[in-house]
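Asker: Everything below, folded, please.
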Amino acid sequence: MAKKSGFAVNVEYGALRLACGLVNAIPYPVAMWLASFAAAFAVRVLRFKRARTMERIASVFPEKTKPERLRIAVRSLANVLQTAVEMIRAPRLTRKWMDRHVVDGQMYKDRLQSYVDEGKGVVIMVPHSGNWYMAAWSMAAYGLPLFSIAAKQRNPKIDAWMKRQYGAIEVLERGSAKTLVEIKEKLESGRAFAILPDLRVPQPDVEVDFLGGKANVSHAGAMFAVRCGSPIVVAVMRRENGKHVFDHVGTLRPDPAAEDKKAEAVRLTQEAMKMLDERIKAHPEHWYWYNKRWLLQPVDAK
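Answerer: Model prediction:
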């Protein structure tokens, strides 16, 4: 990963801090409305990535009319911008705020805590749908012993800012052997591991049917569950009437008698992705359709 120049680091961080100042200076409902308006203007007027996004949505939902697909595209971008607003305002998202904006948050925390109390930890798989960060922020705010992993940002000042925004969530750095050991240790100590399934890992791994195409998904999250005996909770965070809903889609449990650990992890990964595929299709406006790396191109098998 190439190192950024000091000038680039300061310019990027300065722009971020300016955006933070503006977003934090206005009331939350106004910021969310502006994010929604900006998305509609970008897609309907500026035609931001519109052709590619509409084509992708049409490939998954050929039965939907063009206006319906356009509404999904607008709502999807609005969701991303609103997620950015909430990321900027993350330090303000207290337990009291969660009580007002997360539907039945305490109930879902208690449900996840029941798995943690079994003593083998729990792996929580949440896709990039709705505000995926809110799933972690809310559960941590209610007291779930949660940790996750994230890639290090190229800009060290932005990387430090991101770590501050994660708040009570312990975030390990993705990509090191030490991190793999730490994940296993934390699960074995009875903690909750939140992971976002990556649909475009660089090397061939687990091929799954996903949103009308083929996705190459890592089996690593399921493998941790297999080795530690942890249940896997498949969940989706979505927005509904200005609030966040944590949908517990299903719970998978590794077969303790499975002799082939990798095969068991592959099976669990495939089952989890099938659940997520069905739920995302039910609420496509919450899915992040704009990221190029998630267009599900074939993986180079070399």
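
Asker: for the stretch 201-302 of the chain, what spans make up the strands?
Answerer: With strands called from DSSP state E, counting those that start in this stretch, the stretch 201-302 of the chain shows them at 206-210, 213-217, 232-240, 243-252.

Asker: out of these, nearest to Ser176?
Answerer: Taking CB to CB, strand 213-217 is the member of the strands of the stretch 201-302 of the chain nearest to Ser176, at 21.0 Å. Yep, even glycine has a C-beta here, placed from its N, CA and C like the rest.

Asker: Now do the closest one: distance to the chain's middle.
Answerer: Relative to the mean C-alpha coordinate of its chain, strand 213-217 is positioned 17 Å out (CA atoms, centre = their mean, to the nearest Å).

Asker: Equivalent analysis for stretch 113-123, please.
Answerer: Averaging C-alpha positions (CA atoms, centre = their mean) puts stretch 113-123 21 Å from its chain's average.

Asker: ok so, going back, among the strands of the stretch 201-302 of the chain, show the one with the smallest mean pLDDT.
Answerer: Per-stretch mean pLDDT for the strands of the stretch 201-302 of the chain is lowest at strand 213-217 (a mean of 87).

Asker: in the protein, which helix or strand is least confident?
Answerer: strand 213-217 (a mean of 87; mean pLDDT, DSSP states H and E).

Asker: right, so the strands of the stretch 201-302 of the chain: which one is the most enclosed?
Answerer: strand 232-240 (a mean of 23; mean count of other CB atoms under 10 Å).

Asker: orientation of that strand relative to strand 243-252 in degrees?
Answerer: With axes from the mean of the first three to the mean of the last three CA atoms, to 10 degrees as the basis, strand 232-240 and strand 243-252 are set at 160 degrees to each other.

Asker: May I have the strands that pair with strand 232-240, each with its orientation?
Answerer: Using DSSP bridges, the strands paired with strand 232-240 are strand 122-125 (parallel), strand 243-252 (antiparallel).

Asker: Centre of the chain to the helix or strand just after the first one, how far?
Answerer: Sequence-wise, the next helix or strand downstream of strand 122-125 (DSSP states H and E) is helix 132-141. With CA atoms, centre = their mean as the basis, helix 132-141 stands 10 Å off its chain's centre.

Asker: what about dumping the CA coordinates of helix 132-141 to CSV?
Answerer: In CSV, the C-alpha atoms belonging to helix 132-141 read as follows (Å, rounded to 0.1, in the frame of the first residue of the first chain):
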residue,chain,number,x,y,z
TRP,A,132,-24.3,-1.7,8.8
TYR,A,133,-22.3,0.3,11.3
MET,A,134,-25.5,1.0,13.3
ALA,A,135,-25.9,-2.8,13.9
ALA,A,136,-22.6,-2.7,15.7
TRP,A,137,-23.0,0.7,17.4
SER,A,138,-26.4,-0.1,18.8
MET,A,139,-25.5,-3.5,20.2
ALA,A,140,-22.3,-2.1,21.7
ALA,A,141,-24.3,0.8,23.2
